[in-house]
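Novice: Pasted the sequence and its predicted model underneath.
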Amino acid sequence: MATGVVRRRVVATVAVFGAAATLLCLTSCRTEYHGMYSGIDGVLWRQIAAFEDPLSRDLFRPDTADPAEYLEGLPGSRWDGSNSSAAGLEIGQQGGVVLYAASSTRVTAAVSVFIASGDRPDVPTDDGTTYGGPSAIFTCYRIRARFDEFSAPSVTRILLEKCPRALVARLPPDAAFASAEVFDG
């Protein structure tokens, strides 16, 4: 009998903590997507791809051997890292590409990339069901390029787990982070 009472108390305690954790998450946790098979909404995925695909052609196939020219030729808004200049970026509703923390030397170039999907239209999911997820998604990553006079440029993407708060703040409160590998393939 005593074991049954203890077991019920343990179950009740776990239930209370579970409910509290769920409530806390509902009020402060953000949805996140990781990996190629993340379950991300197809509409939002295609919205990011519409910005990322043209950018990727320029990022990964430089048409210059000059690091500074490479950076100047990349499409997207430029951000200097300040909160005040982030306020001028119109990426919330329409989405877009923001390039920041760019630097170059005689043989290298580096730049961070932030991509926002823009608002998701009110359409069903790819499988025809009513959509109930985040209204927008965003991703970010770092690019490093090396320009060697004897070979083709070498470009590397570094995944980032967090995007700049000042840029994320320009998006709807329910916007979800999606790691860059979600869009591979």
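Specialist: Thanks, I have the structure now. Residues are numbered from 1 along each chain as shown.
Novice: quick one: Pro134 from Asp174, how far?
Specialist: The gap separating Pro134 from Asp174 is 5 Å, by CB to CB, to the nearest Å. In short, each C-beta sits where N, CA and C put it, glycine included.
Novice: tally of neighbours for the nearest residue to Ala169 once chain neighbours are set aside?
Specialist: Nearest residue to Ala169 in three dimensions, chain neighbours excluded: Ala86, at 7.2 Å (CB to CB, 6 or more residues apart in numbering). Neighbourhood size, Ala86 [other CB atoms under 10 Å]: 21.
Novice: Surely Ala86 is in contact with Ala166?
Specialist: Yes. Counting by CB atoms under 8 Å, Ala86 does reach Ala166; the two are 3.9 Å apart.
Novice: May I have stretch 130-149 as PDB, with CA atoms only?
Specialist: Taking Å, rounded to 0.1, in the frame of the first residue of the first chain, the C-alpha atoms of stretch 130-149 are listed here in PDB:
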ATOM      1  CA  THR A 130      -3.800  23.300 -42.700                       C
ATOM      2  CA  TYR A 131      -0.500  24.900 -41.800                       C
ATOM      3  CA  GLY A 132       0.100  25.500 -38.100                       C
ATOM      4  CA  GLY A 133       3.900  26.200 -37.700                       C
ATOM      5  CA  PRO A 134       6.000  29.300 -37.600                       C
ATOM      6  CA  SER A 135       5.100  32.200 -39.900                       C
ATOM      7  CA  ALA A 136       8.700  32.600 -41.100                       C
ATOM      8  CA  ILE A 137      12.100  30.900 -40.800                       C
ATOM      9  CA  PHE A 138      15.700  32.100 -40.900                       C
ATOM     10  CA  THR A 139      19.200  30.600 -41.200                       C
ATOM     11  CA  CYS A 140      22.800  31.900 -41.100                       C
ATOM     12  CA  TYR A 141      26.300  30.600 -41.800                       C
ATOM     13  CA  ARG A 142      29.800  31.800 -42.400                       C
ATOM     14  CA  ILE A 143      31.700  31.600 -45.700                       C
ATOM     15  CA  ARG A 144      35.500  31.500 -46.000                       C
ATOM     16  CA  ALA A 145      37.100  31.600 -49.400                       C
ATOM     17  CA  ARG A 146      40.800  31.200 -50.200                       C
ATOM     18  CA  PHE A 147      42.200  32.600 -53.500                       C
ATOM     19  CA  ASP A 148      45.400  30.900 -54.700                       C
ATOM     20  CA  GLU A 149      47.000  32.100 -57.900                       C
END
